[in-house]
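Peer 1: predicted coordinates and the sequence they were generated for:
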Amino acid sequence: MKKFRAFVKKEFYHITRDWRTLIILLGMPIIQIMLFGFAITNEIKDAKIAILDLARDEHSTVLIDKILANDYFKLEAYLTHSREIEPVFRKGKVKEVIIFEPGFGARLEKEHSANIQIIADASDPNTATMLLNYTQAIIGNYQAEQNELQHLPFSIGIHSEMFYNNELKGVYLFVPGLIAIILMLVSAMMTSISITKEKELGTMEILLATPMKPAVIIIAKVIPYLILSFINAVIILLLGFFVFHVPVHGSLLLLLLEMILFILTVLSLGIFISTATSSQQVALMASLMGLMLPTILLSGFLFPVENMPLPLQLISNMVPAKWFIIIIKGIMLKGVGLAIVWKETLILVGFMAFFILLSVKKFKPRLA
Amino acid sequence: MPDNSIVVDRLSKKFGEFTAVNEISFETKKGEIFGFLGANGAGKSTAMKMLCGLLTPTSGKATVAGYDIASQSERVKRRIGYMSQKFSLYQDLTAIENIRFYAGIYGMADKDIKQQSDRLMQRLNLVDYANVKIEALPLGWKQKLAFSVAVFHRPEIVFLDEPTGGVDPVTRRDFWEMITQTAAEGTTIFVTTHYMDEAEYCDRISIMVDGKIEALGTPEQLKTNFAVSTIDEVFICLARPDANKTN
C-alpha cells in the first residue's frame, strides 16, 4: 500500500508540474460549456431577410410589419421583382425571402384563401429550417388573429410548430453530451498518453524491473486521472445547473455513480489503447480518431441516432458514450431511476469488463 | 554456492528465427564488478533483460541472488537494481522526489528514506539543487543520480546498461569511483559498456559476439590469452576477426 501511495504521489507530481496541460484539462470543460451554452444556441436573432410584396395591400403590409417587429428577422432588402430573388441569395445577403402573391389581401377577403411563398437559403439547412418555422409561426398567428376579429374562416394554410424555439433546450442536450466527451478526453486520452509516455521514456522498463506488480503500476497511474475526470464532470454539472439551469430531476447519487462507472469504462479503454501502442503520438491519434470522433458523431450528442442509416446505427451501439448519454439524459432530464436505465448500465459494465480483460491479456509483465 | 550472486547456465533467447542470446553460461561472485562487453546487437541488453526479469528465456536456466529468473522473478526483482540505457529518472521531478519515489516503490521505510536521501543529496552535492527539476541538471550529474537511485534500496546485484554513454571523461571517472565503492560494500555490479578503458576497471569481463560469450576472465588473463596489450585489441580480435587478419 505504501508503494502504491508513493506511485500515486509521483503521478500527481507529473500532472501538477505540467501546468499548461492541467489548465487545459480543467479549463476545457468550462470553455466548452460556455461555448455550447451561449454561442452555439439554436436561437435565431436578426436573421437578414428580403421581402417581395406583389400585393401591397392592407393584409400584406400588416403581416410584414408583424414579421419585422420580431427580433428574429431584420429586413435587408425590399424587392420589386422575382428576378431579384436569386441574386440576393447568391450574394449571401439574405437567408430568406418572403413573397406575397399579387392580390394577396383581396383573395384572402374573397376566397378566404391566399398564398405566401417562403424561400430559404438551405445551404445551411439548420438555420433554414428554423427560419422557416419562425415565419410560419408568425403567419399562423396572424391568421388566427384575423379569424378572431372577423369571425371568418381565413386560411393561409400554414400550420407549424416551433421546434427549436427554446434556447435552453439546446443546453439541456449539450450538458450530458459534454460530460461524456470531456470524460472521454481526460480519461481515455490522458491515461493512454501517460502510460505510453513511460514506455517511450524507458521508465516503464525500470518500473517493470521493480517488485511492483504491473497491474498495480497501471492502477496507480490511472487513479489521478479518475479523480481529475470526476472533478471535471462535477464542474460541468455545477455550471449546467447554476448558469444554464439544467436540472437534475433524478437521484444525484445515482448520477454520480453512473459517472464513475463511465469514467472507469473509459479508463479501461485508455489502458487498452496504451497496451496496444508504444508511442505517445500513436496513442494520441488512436484516442482522437478511435474515440473522440465516434463519441462526437455517433453517440447521439450532435446527431440523433434514429436518423442515421442502419449500418451507422449498429456501429453506434459500440460507442460507450451513446449508452452513457442515454443514462444521464434519463436521470437528469426525465428523472428516471436505475429501474429504467439498468440495461444501459449493464452494457457499460460489460464494456469495462471487456476492455480490462483485453488489456490484461495484452499487457505483458515482461517486455516480450 | 552462496558466494555466487548470478549463475547462468546455457541461457538462450530467440525472437522468432533470430537467436539473440545463444546458450551463454557464467557466474558472478558477490561484490564483483562484472563487465559484460560486446558489439552493438551482440545480445548484451537481451541477456541483461532476462536476468532482470524483463524478458522470458527461451531455454536454459539462471539464478539471480539465489532465485530462479523464470519462476521467481518477483523475488529476483526485490533484490536487484536496474539502470537502463535510456535515462531512467523522471525529468519533471526533482532529485529528491525521484529518490523518494523509487525508494517508495521498493517499499523502504519512510524514516530510512528520509535519512538516506538527505545523506545522498549531500554526497552528490545536490543540496543546492533540491528544488530543481532534474531536466535542468547536466547529463553527468543525472547519470550519477540515476546510479545512486538504482542502488538506493541496497540491492544485492545492480544491473547497469551502458551507464556512461555520452558522459564526459571526468564524470565517468567519478562514476566509476561510485561503482567501485558500491562493489566494496558487497553489491555485485553487472555492467555493460562500450568504453574499453572502463573494461579495465572490472574484476572480470566477458565478451559477447553474435549471442555467444567468446571470452571470459580477468582483463589481465584476456590480454595474455590474446597476446595483446589492451582490452580494446582483445575486443577487436573477437568482434572483427577479418580486421585482425589484415592487420
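Peer 2: Done, it's in. Here the structure is a predicted model, which means the values were calculated and not measured.

Peer 1: and A:Phe104, how close does it get to A:His249?
Peer 2: For A:Phe104, the distance to A:His249 equals 47 Å [CB to CB, to the nearest Å]. In short, each C-beta sits where N, CA and C put it, glycine included.

Peer 1: can you check B:Met48 too?
Peer 2: Distance of B:Met48 to A:His249, given as CB to CB: 61 Å.

Peer 1: which bits of chain A sit near chain B?
Peer 2: Applying CB under 8 Å from any CB of the partner chain, one finds that chain A approaches chain B through A:2-3, A:5-7, A:9-10, A:13-14, A:17-18, A:201-203, A:205-213, A:366-368.

Peer 1: weed out the non-buried ones from these.
Peer 2: For those, a neighbour count by 16 or more other CB atoms under 10 Å in any protein chain shown gives the buried set as A:3, A:6-7, A:10, A:13-14, A:17, A:201, A:203, A:205-212.

Peer 1: what about whichever residue of chain B sits closest to chain A, which SS state?
Peer 2: In chain B, the residue that lies nearest chain A is B:Gly104 (2.5 Å; CB to the nearest CB). Under DSSP: H, G, I helix; E, B strand; the rest coil, B:Gly104 falls in the helix class.

Peer 1: what sits against it?
Peer 2: A:2-3, A:5-7, A:9, B:113 (CB atoms under 8 Å, 6 or more residues apart in numbering or on different chains).

Peer 1: and A:Leu35, how far is that from A:Leu239?
Peer 2: In this structure, A:Leu35 and A:Leu239 are 12 Å apart, going by CB to CB.

Peer 1: higher neighbour count, those two?
Peer 2: The residue with more neighbours, out of A:Leu35 and A:Leu239, is A:Leu239; 20 against 12, by other CB atoms under 10 Å in any protein chain shown.

Peer 1: which parts of chain B are strands?
Peer 2: B:4-15, B:18-29, B:33-38, B:59-64, B:67-68, B:80-83, B:157-161, B:188-192, B:204-209, B:212-217 (DSSP state E).

Peer 1: longest helix of the chain?
Peer 2: This is for chain A. helix A:214-242 (DSSP state H).

Peer 1: if you could check chain B rather than the one you did, that'd help
Peer 2: helix B:169-184.

Peer 1: contact partners for B:Arg79?
Peer 2: B:64-65, B:67, B:155-157.

Peer 1: neighbours of the residue nearest to it when sequence neighbours are not counted, how many?
Peer 2: In space, and not counting its chain neighbours, B:Arg79 is closest to B:Ala65: 4.0 Å by CB to CB, 6 or more residues apart in numbering or on different chains. Using other CB under 10 Å, B:Ala65 has 20 neighbouring residues.

Peer 1: need the phi and psi values for B:Ala65.
Peer 2: Backbone torsions for B:Ala65, taken as degrees, to the nearest 10, come to phi 60, psi 30.

Peer 1: tell me which residues touch it, please.
Peer 2: So B:Ala65 contacts B:5-6, B:75-76, B:79-80, B:156-157 (CB under 8 Å, 6+ apart).
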